[in-house]
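Novice: next come a sequence and a model predicted from it.
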Amino acid sequence: MPEERRAPRLGDVQETLLIPLYGRAVETRKRRGMIDDPRAVEMVEAIDYDFAKWDGARSLPGSTLRTLLFDAWVAAFLRRHPGGTVVEVGTGLNTRFDRLDNGTVHWFDLDLPDVIALRREFFQDTDRRRMIAASVTDPSWLEDVRASAPGPYFIASEAVLLYLPQEEVRGVFEAVAERLPGAWLAAETASAHMIDTQDGHDVLAAMAARMRWRCDDPAEVTSWAPVELRESRTFASLPPAVRARLPLHYRLMVRAMAVLQRKDAESYRFNLFRFSG
């Protein structure tokens, strides 16, 4: 760990990685939080940043709920394919490998160079886990993964594609379909309602980055490439296994959301895609 607190030097979109990091740290510090991530606490304490601006934000726990859902999808993949390969796109300072490593998985942490530089302050490459400094829109990372790790492949794209224009998102789907046929991809979509109201979001309003990809129906991406939409969830329709892990007050929160904030809940979806091959 760094000995002195350091201010991160990140681009606008890259800075959003600090939101889920802080969300996990806040939950870890609670007596009955939804996740136990002591490394997130250590990283927050080591980074010189105004995390307190998100204190009390009602949507901050949502970043950790999303993380738990992606964890569940990756864990299910690893139960079926314990020696497969996971690529965490837009890895930020996530600790998913630490939570899910089964001793045989091959793992890549992919993000832009400024993020990987920060990440190397806290993580190191190993024989089964390697960092790649590249944009998700640069297909060279797909060639790298295919050449150096066995399939099948699972791509976890958490809080990444939303910040790209649609034509670039489509390019990512087309590139994965061509280079990693048969791969799984987890990614969010945001409807026009969420894109149009994001300036009032209690966490994003404090950031310079804005979501760009409008997608009212996640099934529309199946017209871009040979890919199936296998699951589409919201905070109000989390899988039973994920809900069961939540403390009671969070289970009640998501239940209330399904009734009282249905439009908002439906506007932000978590999707699991499977490419043909």
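Specialist: Yes, it's here.

Novice: the stretch 151-277 of the chain: helices as residue ranges?
Specialist: Taking DSSP state H, counting those that start in this stretch as the criterion, the stretch 151-277 of the chain contains helices spanning 166-179, 192-197, 240-245, 248-260, 262-266.

Novice: and those helices: which comes nearest residue 17?
Specialist: helix 166-179 (18.4 Å; C-beta to C-beta). (Each C-beta comes from the backbone N, C-alpha and C, glycine too.)

Novice: re the thing from before, which of the helices of the stretch 151-277 of the chain is buried the deepest?
Specialist: helix 166-179 (a mean of 18; mean count of other C-beta atoms under 10 Å).

Novice: quick one: contacts of that one?
Specialist: Residues outside helix 166-179 that contact it (C-beta atoms under 8 Å, 6 or more residues apart in numbering) are 136-137, 139, 142-143, 146, 155, 161, 164, 183, 185, 212-215, 221, 224-227, 273, 275-277.

Novice: so residue 162 touches residue 214, yeah?
Specialist: No: taking C-beta atoms under 8 Å as the definition, residue 162 is not a contact partner of residue 214, at 9.5 Å.

Novice: these two: which is more packed in?
Specialist: residue 162 (26 against 16; other C-beta atoms under 10 Å).

Novice: residues in contact with that one?
Specialist: Residue 162 neighbours (C-beta under 8 Å, 6+ apart): 188-190, 211-213.

Novice: can we see that at 10 Å?
Specialist: Counting by C-beta atoms under 10 Å, 6 or more residues apart in numbering, residue 162 touches 13, 16, 90, 169, 187-190, 194-195, 198, 209-215, 268.

Novice: before we move on, the earlier item: list residues touching both of residue 162 and residue 214?
Specialist: 189-190, 194-195.

Novice: any chance of the helices of the stretch 151-277 of the chain in CSV, plus mean pLDDT?
Specialist: Listed next are the helices of the stretch 151-277 of the chain as CSV, based on pLDDT from 0 to 100:
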stretch, mean pLDDT
helix 166-179, 98
helix 192-197, 94
helix 240-245, 91
helix 248-260, 79
helix 262-266, 75
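
Novice: dump the ones you listed into JSON lines; add distance to residue 95 as well.
Specialist: Formatted as JSON lines, these follow (distance: least, C-beta to C-beta, whole Å):
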{"stretch": "helix 166-179", "distance to residue 95": "24"}
{"stretch": "helix 192-197", "distance to residue 95": "27"}
{"stretch": "helix 240-245", "distance to residue 95": "17"}
{"stretch": "helix 248-260", "distance to residue 95": "20"}
{"stretch": "helix 262-266", "distance to residue 95": "27"}
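
Novice: out of those, nearest to residue 114?
Specialist: From those, taking C-beta to C-beta, the stretch that ends up closest is helix 166-179, at 18.8 Å.

Novice: only the buried residues of the longest helix along the chain, if you could.
Specialist: Ranked by residue count under DSSP state H, the longest helix found in the chain is helix 60-80. Residues 60-74, 77-78 are the ones in helix 60-80 that count as buried (16 or more other C-beta atoms under 10 Å).

Novice: next, the angle from the next helix or strand after that helix to helix 60-80.
Specialist: Using DSSP states H and E, the next helix or strand after helix 60-80 towards the C-terminus is strand 85-89. Orientation of strand 85-89 against helix 60-80 (axes from the mean of the first three to the mean of the last three C-alpha atoms, to 10 degrees) gives an angle of 160 degrees.

Novice: show me what secondary structure element comes after strand 85-89.
Specialist: helix 96-100.

Novice: for that following helix, the averaged confidence score.
Specialist: Averaged over helix 96-100, pLDDT sits at 97.

Novice: just the residues contacting that helix, thanks.
Specialist: 35-39, 67-68, 70-72, 74-75, 77-78, 86, 88, 91, 105, 107-109, 123, 126, 128-129, 156, 158.

Novice: repeat that for 8 Å
Specialist: Residues contacting helix 96-100 (C-beta under 8 Å, 6+ apart): 37, 39, 67, 70-71, 74-75, 78, 86, 88, 107, 109, 129, 156.

Novice: same question, stretch 5-13
Specialist: Everything outside stretch 5-13 that qualifies as a contact, by C-beta under 8 Å, 6+ apart, is 15, 17-18, 45-49, 112, 114-115, 118, 121, 163, 207-209.

Novice: how about a cut-off of 10 Å?
Specialist: 14-18, 45-49, 90, 92-93, 112-115, 117-118, 121, 159-160, 162-164, 207-212.
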